[in-house]
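J.: Give me a 3D structure for the following:
(chains A and B)
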Amino acid sequence: MIRDITIGQYYPAASKIHMLDPRVKIICTLLYLISLFTFKNLAGYVFAAVFLAVCVRLAKVPFKYIMRGLKPIIVLLLITVLFNLFLTPGGEILFTFWRFKVTEQGLRTAVYMTIRLIFLITGASLMTLTTTPNALTDGLEKMLNPLNRIKVPVHEISMIMSIALRFIPILLEETDKIMKAQTARGADLESGNIIQKAKAMVPILVPLFVSAFRRANDLAMAMEARCYRGGAGRTKMKPLIYNRRDYIAYAVMAVYMIAAFSAGRYLPFHVWIF
Amino acid sequence: MSIRLEHVGYVYSEGTAYQKQALKDVSLEIPQGQFVGVIGHTGSGKSTLIQHLNGLIKATEGAIYYNDKNIYEKDYPLKELRNQVGLVFQYPEHQLFEADVLTDVCFGPRNQGFSPKECEKRAREALEMVGLKEKYYAQSPFELSGGQKRRAAIAGVLAMHPKVLVLDEPTAGLDPKGRDEILDQIAFLHRESDMTVILVSHSMEDIARYVERIIVMNQGEVLFDDTPKEVFSHYKELESVGLAAPQAVYIMHELKERGLPVFTDATLIEEAAYEIMAALKKEKEE
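T.: Sure thing, here's the model as predicted:
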């Protein structure tokens, strides 16, 4: 069902990862993603896998829950694998399939790419699962603050982002409700060809848009009623301050980066062609 | 002809941090033609319960029988069930989508496979039943007032000629006049046909006035299931689960405590007035 979409959703738990400053999580996630693209051999990936597994464990988010987030990218993964597998030249030809040749280089790229994408999505969703949308935008706002000087409307951007994130679950719930209401009126959402299916979406999309506009209007009113006038001179009730654990996290990340980088590029660890 | 629930349980988002037991071991039987009220505190499982009745939610435990057939059996025609059990959601006006009111009401019958002519006939009947004037039929549903939208949306379900009509707080957010009109029309429909009506409401006065049986939900379980008079005699227990009895019940109990010999089973203002008059008369005579 539509509730199963987990990308960008928060999973409440009392873990060490949840308690970290959002800036730490944003920066570390970025560094981790970068590290994935520096590896040249299997050792790096093994290292990245272990690191990710430890983080997932520490975050106390059920493994099943993270896996569900991977479902929507399966198609993307398949396309990437197929293209890389069949269309990369270089190295010995391993086997031929009709007009396509699978080369050593192709197989290697395909496998590495799959691992990279899976780790990338898992790493990124671990960040959103352990950080509330509000904390995330707070962190971003603070990190991007220097850009204010060159007239980038940082506060406005982060406000737009936090509203957008806040509305994801609301609109999902609304969609669920409207779908149920129309199903109760005999709407058939599953069967039929693609045109019939597209047509069947009208009774859902129209009310959904109407309700999205209504909610946006209400929210704007509520903000005005509380004298919201943008970021100038606005202070925070809970300003972001780094703690001891945040510095520890940065240190761990630095160690990981150095270790993973050197292992991934210089450790002579090979299995078959990888 | 009946709806029967046997030990129905439902758990939301099983296996995650959001896991919640919404229904626990609910067993009920609702015979055809009954006017049933469902009351309960917010989050007591009322809405979840009624969504089970037409198979929109599948129970995680137990079984539901409609006319003695298990609706969870593999080949059970759920679409046919939804034609028979009409469900009007909370704020049903949020589901309107067509360019004009009449076409929107036609949506249900059209999905049932009726000819355009038959659809229009049923739609007109349904709109008449809910008391929406003909001048609105060609208007966009988004131009109507709140009460009119609500009527149009209820008509959308009535046009499907359901055998069972389930209404989830059909009067929430309406003014007193609109509320009485809609409920009176539903009661009229119930009298005129053999339709079962299941009414979810927060208003004890409404419930006391219209229904013949009350199901009280509390934390996903059935707390009481009896006639209004019986249920409201437990007004102290109702209060402890965040509900209340109609005002008349409190007045009668208070009067009795202060020495007026009245029967305390009146639930409507009219009944209470009659009882008090009778008691006063008796006192005078003595």
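J.: At which residues are the helices of the stretch 151-274 of chain A located?
T.: A:154-184, A:194-225, A:244-266 (DSSP state H, counting those that start in this stretch).
J.: Could you say which helix or strand holds the closest residue in space to residue B:60 that isn't next to it in sequence?
T.: Nearest residue to residue B:60 in three dimensions, chain neighbours excluded: residue B:11, at 4.9 Å (Cβ to Cβ, 6 or more residues apart in numbering or on different chains). The C-beta positions use only the backbone N, C-alpha and C, and glycine is treated the same way. Take DSSP states H and E as the rule and residue B:11 turns out to sit in strand B:2-12.
J.: which residues are contacting that strand?
T.: B:18-32, B:45, B:48, B:52-53, B:57, B:59-68, B:85, B:164, B:196, B:220 (Cβ atoms under 8 Å, 6 or more residues apart in numbering or on different chains).
J.: Separate out the buried members of the residues you listed.
T.: B:22-24, B:26, B:28, B:30, B:45, B:48, B:52-53, B:57, B:59, B:62, B:64-66, B:85, B:164, B:196, B:220 (16 or more other Cβ atoms under 10 Å in any protein chain shown).
J.: How much space separates residue A:27 from chain B?
T.: Going from residue A:27 to chain B by Cβ to the nearest Cβ, to the nearest Å gives 26 Å.
J.: which is the next helix or strand following the helix or strand encompassing residue B:230?
T.: Per DSSP H and E: residue B:230 is located in helix B:228-232. As assigned by DSSP H and E, the chain's next helix or strand after helix B:228-232 is helix B:235-240.
J.: Identify the residues contacting that next one?
T.: By Cβ under 8 Å, 6+ apart, the list of residues contacting helix B:235-240 reads B:216, B:223-224, B:231-232, B:244-245, B:249-250, B:253.
J.: Enumerate the residues of the stretch 151-286 of chain B near chain A.
T.: By Cβ under 8 Å from any Cβ of the partner chain, the part of the stretch 151-286 of chain B that sits against chain A consists of B:156-157, B:160.
J.: I'd like those as a markdown table, with distance to residue A:75, secondary structure and pLDDT appended.
T.: Shown next, in a markdown table, are those (distance: Cβ to Cβ, whole Å; DSSP: H, G, I helix; E, B strand; the rest coil; pLDDT from 0 to 100):
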| residue | distance to residue A:75 | secondary structure | pLDDT |
| --- | --- | --- | --- |
| B:156 | 37 | helix | 94 |
| B:157 | 38 | helix | 94 |
| B:160 | 38 | coil | 94 |
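J.: Contacts only, for the nearest residue to residue A:142 once chain neighbours are set aside.
T.: Of all residues not flanking residue A:142 in the chain, residue A:240 sits nearest, at 5.4 Å (Cβ to Cβ, 6+ apart). For residue A:240, the contact set (Cβ under 8 Å, 6+ apart) comprises A:21-23, A:138-139, A:142.
J.: Render the CA-only coordinates of the strand holding residue B:11 in CSV, please.
T.: Output of strand B:2-12 as CSV, limited to C-alpha atoms (Å, rounded to 0.1, in the frame of the first residue of the first chain):
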residue,chain,number,x,y,z
SER,B,2,-26.6,-9.6,8.3
ILE,B,3,-23.1,-8.5,8.9
ARG,B,4,-21.2,-10.7,11.4
LEU,B,5,-17.8,-10.0,12.9
GLU,B,6,-16.0,-12.8,14.7
HIS,B,7,-13.0,-12.0,16.9
VAL,B,8,-11.8,-9.3,14.5
GLY,B,9,-8.4,-7.8,15.4
TYR,B,10,-6.4,-5.3,13.4
VAL,B,11,-2.8,-4.1,13.9
TYR,B,12,-1.5,-1.1,12.1
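J.: Adjacent strands (with direction) for it?
T.: For strand B:2-12, the paired strands and their directions (DSSP bridges) are strand B:20-31 (antiparallel), strand B:61-66 (antiparallel).
J.: Let me see the mean pLDDT of the first one.
T.: In this model, strand B:20-31 has an average pLDDT of 92.
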